[in-house]
Structures are given as C-alpha cells and as structure tokens.
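Novice: pasting a predicted model and its sequence here:
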Amino acid sequence: MVKEAAVAFFLANPDEQLAKDFSQCLTVMDAASRRRNDIAHGIVQPYVRPGTDVIDGFALVPSYAATKHRKTDWSPEYFYTSTQIDAFAGRFDMLAGTTLQIVTRIMAKDRANGR
C-alpha cells in the first residue's frame, strides 16, 4: 500500500531525487523487516559448538514452530548473538533517522503544494 501511495504522490508531486531516495529507503526497510521478524519471533537457546557437546553461550534462533527457518534435522537456519543483535539495533536506528528525513521532505513538498 505504501508503494502504491508513493506512486500516486510522486505523480502529483514530481521530484526525481526524493522518489529515488524513498524507493531506496523502502528497499532497505524490506530487508530490515525480515531481520526484525527473526529477532521478534526467535527464541534463546544454548549454542552448541558444531560437532561437539560444548556450549559456547546462547543465541537467538528460530522457534520450532517456524519450520521454514529450520532445516530438515531441526537445526536453525540462523542464530544471532547479542553482538549481532546490537549491530542490528544500530542499523535500525540509522534507518529510522533516514526514514524520518525522507518523511519530513515529503511533508514539506506536500505543504508547498498547498495540501
């Protein structure tokens, strides 16, 4: 819906650079939303070093209900450490700042056109 609204907005308010920036932001948001979902719906489990019984700490992994993120032997397709999650948080913050800047530019353009 956001993409369709953007098409309508930019037809009525042409701005090639703003449309490009908005499109790039949506692409990044799409990728970020997948990582957000991994984090929001994951579970914390001990991380066992492959091929051993040694626990190396804990990691966020897909729940067992998320079968599309589990291999046929039920091992997780991903695991995130706290360091990785902290890095995602930093990127989410940067994306939020970029998004706010673009939204502010869109609102200013809309106001300039008397809406």
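Specialist: All right, it came through fine. Numbering: from 1, shown residues only.
Novice: max-length helix in this structure?
Specialist: Among the segments of the chain that qualify as a helix by DSSP state H, the longest is helix 82-112.
Novice: in that one, what counts as buried?
Specialist: Neighbour counts over helix 82-112 (16 or more other Cβ atoms under 10 Å) mark 85, 102, 106, 109 as buried. Where C-beta positions appear, they are placed from N, C-alpha and C, glycine not excepted.
Novice: again with stretch 52-62
Specialist: So, applying 16+ other Cβ under 10 Å, buried residues of stretch 52-62: 59-62.
Novice: how about stretch 20-32?
Specialist: Here stretch 20-32 shows 21-22, 25, 32 as buried, counting by 16+ other Cβ under 10 Å.
Novice: as TSV, the residues you listed with distance to K71 would be great.
Specialist: Converted to TSV, those look like this (distance: Cβ to Cβ, whole Å):
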residue	distance to K71
D21	39
F22	37
C25	33
A32	24
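Novice: among the residues you listed, which one sits closest to F9?
Specialist: F22 (8.8 Å; Cβ to Cβ).
Novice: residues touching that closest one, list them.
Specialist: Contact partners of F22, counting by Cβ atoms under 8 Å, 6 or more residues apart in numbering, are 6, 10, 102, 106.
Novice: packing partners for the longest helix of the chain?
Specialist: helix 16-41 (3 or more Cβ pairs under 8 Å, 6 or more residues apart in numbering; DSSP states H and E).
Novice: name the helices or strands packed onto the helix or strand following the helix it packs on?
Specialist: Proceeding N to C from helix 16-41, the next assigned helix or strand is strand 42-48, under DSSP states H and E. Applying 3+ Cβ pairs under 8 Å, 6+ apart, one finds that strand 42-48 makes contact with strand 55-62.
Novice: packing partners for the strand it packs on?
Specialist: Using 3+ Cβ pairs under 8 Å, 6+ apart, strand 55-62 sits against helix 16-41, strand 42-48.
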